[in-house]
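J.: give me a 3D structure for the following:
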Amino acid sequence: MIAHHLGKYLPGKPAVIVQHMPGAAYAFANTGSANYRRLAAALAWPKATEFFSRHLVG
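T.: Residues are numbered from 1 along each chain as shown. Predicted coordinates for the structure are as follows:
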């Protein structure tokens, strides 16, 4: 659902494709997974939110 709307907020209004990757080893908010790495998430999350705040328009 997010992918359907996200493109209109990015410069150039690109198509956005979200893929579900069963068994993927990492996700920011997947704290219940055995693969979750708290320190890696703590380091990556601010970078991700800064990227979106810089590149989302609207």
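
J.: identify the residue nearest the geometric centre of the chain.
T.: residue 48 (6.9 Å; Cα atoms, centre = their mean).

J.: tell me the SS of that one?
T.: Following DSSP: H, G, I helix; E, B strand; the rest coil, the label given to residue 48 is helix.

J.: for it, give me the pLDDT.
T.: Residue 48 is assigned 82 on the pLDDT scale.

J.: next one: residue 5
T.: 79.

J.: distance of residue 12 relative to residue 55?
T.: Distance, residue 12 to residue 55, by Cβ to Cβ, to the nearest Å: 10 Å. Any C-beta I mention is one placed from the backbone N, CA and C, and that applies to glycine too.

J.: what's the answer for residue 10, then?
T.: The gap separating residue 10 from residue 55 is 6 Å, by Cβ to Cβ.

J.: and these two? which has more neighbours close in?
T.: Higher neighbour count among residue 10 and residue 55: residue 10, with 15 against 10, using other Cβ atoms under 10 Å.

J.: buried residues, the helix or strand containing residue 53. List them.
T.: Using DSSP states H and E, residue 53 sits in helix 38-55. Judged by neighbour count using 16 or more other Cβ atoms under 10 Å, the buried positions of helix 38-55 are residue 41.

J.: just the C-alphas of it, formatted as CSV.
T.: In CSV, the C-alpha atoms belonging to helix 38-55 read as follows (Å, rounded to 0.1, in the frame of the first residue of the first chain):
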residue,chain,number,x,y,z
ARG,A,38,19.8,-3.9,17.7
LEU,A,39,23.1,-2.0,17.1
ALA,A,40,22.9,-2.2,13.3
ALA,A,41,19.3,-1.0,13.4
ALA,A,42,20.2,1.9,15.8
LEU,A,43,22.9,3.0,13.4
ALA,A,44,20.9,2.6,10.2
TRP,A,45,17.6,4.0,11.3
PRO,A,46,18.7,7.6,11.6
LYS,A,47,20.4,7.4,8.2
ALA,A,48,17.2,6.1,6.6
THR,A,49,15.0,8.7,8.2
GLU,A,50,17.4,11.5,7.2
PHE,A,51,17.4,10.2,3.6
PHE,A,52,13.6,10.2,3.5
SER,A,53,13.3,13.7,5.1
ARG,A,54,15.8,15.0,2.5
HIS,A,55,14.3,13.4,-0.5
